[in-house]
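Asker: Got a predicted structure here, sequence first:
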Amino acid sequence: MKICFVCTGNICRSPIADVVLRRMAAETPMADGSVLADHLEISSAGTGNWHAGEPMDPRAAAVLDAHGYADHGHRARAFKASWFDLTDLVVSLARGHQQTLRSLARHRAGGGEDHEAKLVLLRSYDRRAGGQVDVPDPYYGGVADFEACLTMVEAGCRGLADHFSVQLADSPAGGAKVRNDSAS
């Protein structure tokens, strides 16, 4: 399954989510003796190319490092409309990103109606989100904002990892398409 996290510039929230889910997936055992990471291809992108080619924001990298996560050499990039056909799930960090992606899908060749089920919000997988669906952008904030971002991303990624584990366990081939039935 191919998952792509999307935020604005792909230097804070989406690369944090990418790193967090990679580790969670590597630590999530499956019934067949594999780990969840063996079944996922995880990436991230931005809604625009403002930071294309740049590494993760140093503050994002620092908060990840402080919590034992390792940056995998991230370089920012923009999400391309053609990726809808190559990605099973496009996970937005905020409603604005989801709206931009919907527009991108509508304006691509062939329209975007078939991609709606692929567009989800990360916090929709967090049972404790209490209706709060956006992960606020920490870019203009300080360390506390990046810490809060990581906490929200970890909760959403835990729910997403649990969702994938159940879905893959229920799949006879172990590689079914992602169903968006547990997210709101």
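Answerer: Sure, I can see it.

Asker: wait, Ile11 sits on Ala78?
Answerer: No: checked against CB atoms under 8 Å, the pair Ile11 and Ala78 is beyond contact range at 11.7 Å. In short, each C-beta sits where N, CA and C put it, glycine included.

Asker: what do the two both touch?
Answerer: Gly46 (CB atoms under 8 Å, 6 or more residues apart in numbering).

Asker: Which one's more surrounded, those two?
Answerer: Ile11 (25 against 17; other CB atoms under 10 Å).

Asker: any chance you could map the helices in the chain?
Answerer: Assigned by DSSP state H, the chain shows helices spanning 13-26, 58-66, 95-107, 143-170.

Asker: For the worst-scoring helix or strand of the chain on mean pLDDT, which outside residues touch it?
Answerer: For the chain, counting by mean pLDDT, DSSP states H and E, helix 95-107 ranks last in confidence among helices and strands (a mean of 93). By CB under 8 Å, 6+ apart, the surrounding residues in contact with helix 95-107 are 6-8, 47, 79, 81, 84, 90, 92, 111-112, 115-116, 119-121, 133-134.

Asker: Residue ranges in the protein under the pLDDT threshold?
Answerer: In the predicted model of the chain, residues 109-113, 172-184 satisfy pLDDT under 70.

Asker: Now with 80, please.
Answerer: By pLDDT under 80, the low-scoring segments of the chain are 107-114, 171-184.

Asker: For stretch 100-111, list every residue counted as buried.
Answerer: Along stretch 100-111, these residues count as buried under the neighbour rule (16 or more other CB atoms under 10 Å): 100-101, 104-105, 108.
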